[in-house]
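Engineer: Need coordinates for the following:
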Amino acid sequence: MSDHHGRAPDTRQPSEPYPAVSGDHLAPRHVMVGDLGVFAGDWAAYDHNGRTRYPTGFVGRLDAQRGRDGQYAVFSCDRSVAEAIIAEQERLRDDTRRRLTAEGLRGPDLDAEVDLVCAPLYFAGDEIIMDERLVHGEADGLSRICPDADGRYTICAWVWEWRSVDPADCDRVAGTPPTPARQPARIPLTHSPLHVPHDRLTVTSLHERLTANGVAFTATLRLDGTPVGTVENEGDGRGTWLRHHDPARFSRHDMHEYVRGCRYRRQPTDEETVLDRLITEHDLTRRIAALPAGTILTRSVDDDGDFCGDLAIVESRTGPDRLDQPAAWTSLANHLATVETSPHSTHWQVWRDGAWQQLPDPTTARPGRR
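Structural biologist: Model prediction:
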């Protein structure tokens, strides 16, 4: 899609009642890389009673995220949905032509302005062609999307600003959205940016020891409360791995399927990352439960809110309630700015009211930047 004049200032009414397509599993916050979702373009959005709506949403698989905080989607779809995308572009071109005609444009000038505002988009055999020669010139103006081995088209291979959207915000939806059974919701961990497919797998009994190379540890991995393996790390840089106890109960394949259902920072991840974050979940939960009265726990995190390994227990004369005052937050942040942290740390968080809350940047220094 191409809209070089920004979002359409369309204030029309929805052409149809809100569709029956719904379900929390389709909410943008739940659609992660590898999931099916509904996508729409910023250029087609319009306002309806203060709410952003889209004429058409398109069903596809989220393959990647780009832009600040991953706000824009790169997704793939089958031929039928790709045809609907082209039909939507043609509808936008027709709307643009009518508007420009009403403004007095005629002939070649009208055709050129329509192509400039909404570039021609069409199939040539199995390829999708976008003609933006009026924008980029003859050499760079033609772009193509070819189907992959499965016949799917990767949309947003260019600079289109697509978003994952709630299908309830679309007048209609092209394609068949997934059911909850095809796309179950994931569970976010409390202490890491990891989402897991279920909460049956947990880590307990963490034991750490200091070695010449660093901190080594072992921990017990449990399924439904029963030990199924030992998580090990020798502290020598070789990473974390799992030693299975009873493959008949929980095999390498079972662990692979569990990891395949996980998302770290909304992306597919690997077994070591999952094991390390399950250990962090157990360790921080244990530390919070053991906090002495009148103290608060703080931790350093990176830009994605992932724990960097630095903890500080801070005494408070009046307990965590003192943080109801903004000055107390600033004072705590300035104190923690003097604490040495890991190179990846960018800010501090404090555990309060059952969640991690970010501390403001101190005025005198930043964590980890002494």
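
Engineer: which strand is the longest one in this structure?
Structural biologist: Counting by DSSP state E, the longest strand found in the chain is strand 51-66.

Engineer: Would you map the strands across the stretch 51-200 of the chain?
Structural biologist: Per DSSP state E, counting those that start in this stretch, the stretch 51-200 of the chain carries strands over the ranges 51-66, 72-77, 121-124, 127-131, 142-145, 153-155, 162-164, 170-174, 187-188, 194-196.

Engineer: and of the ones you listed, who's closest to Ile85?
Structural biologist: strand 51-66 (5.9 Å; C-beta to C-beta). For glycine as for every other residue, the C-beta is placed from the backbone atoms N, C-alpha and C.

Engineer: elements contacting the closest one?
Structural biologist: strand 36-41, strand 46-48, strand 72-77, helix 79-102, strand 153-155, strand 170-174 (3 or more C-beta pairs under 8 Å, 6 or more residues apart in numbering; DSSP states H and E).

Engineer: Could you list the low-confidence segments of the stretch 101-250 of the chain?
Structural biologist: Applying pLDDT under 70 to the stretch 101-250 of the chain flags the ranges 157-159.

Engineer: What segments of it are helices?
Structural biologist: Ranges of helices in the stretch 101-250 of the chain, per DSSP state H, counting those that start in this stretch, are 107-117, 133-136.

Engineer: same for the shortest one, what does it pack against?
Structural biologist: Packing contacts for helix 133-136, counted by 3+ C-beta pairs under 8 Å, 6+ apart, involve helix 107-117.

Engineer: how about the helix it packs on: buried residues?
Structural biologist: Neighbour counts over helix 107-117 (16 or more other C-beta atoms under 10 Å) mark 110, 113-115, 117 as buried.

Engineer: For it, what is the distance to the chain centroid?
Structural biologist: Relative to its parent chain, helix 107-117 has a centroid offset of 38 Å by C-alpha atoms, centre = their mean, to the nearest Å.

Engineer: Quickly list what Thr154 is bridged to.
Structural biologist: Ser76 (DSSP bridges).

Engineer: wouldn't it be in contact with Val74 here?
Structural biologist: Yes - assessed by C-beta atoms under 8 Å, Thr154 is found in contact with Val74 at 6.7 Å.
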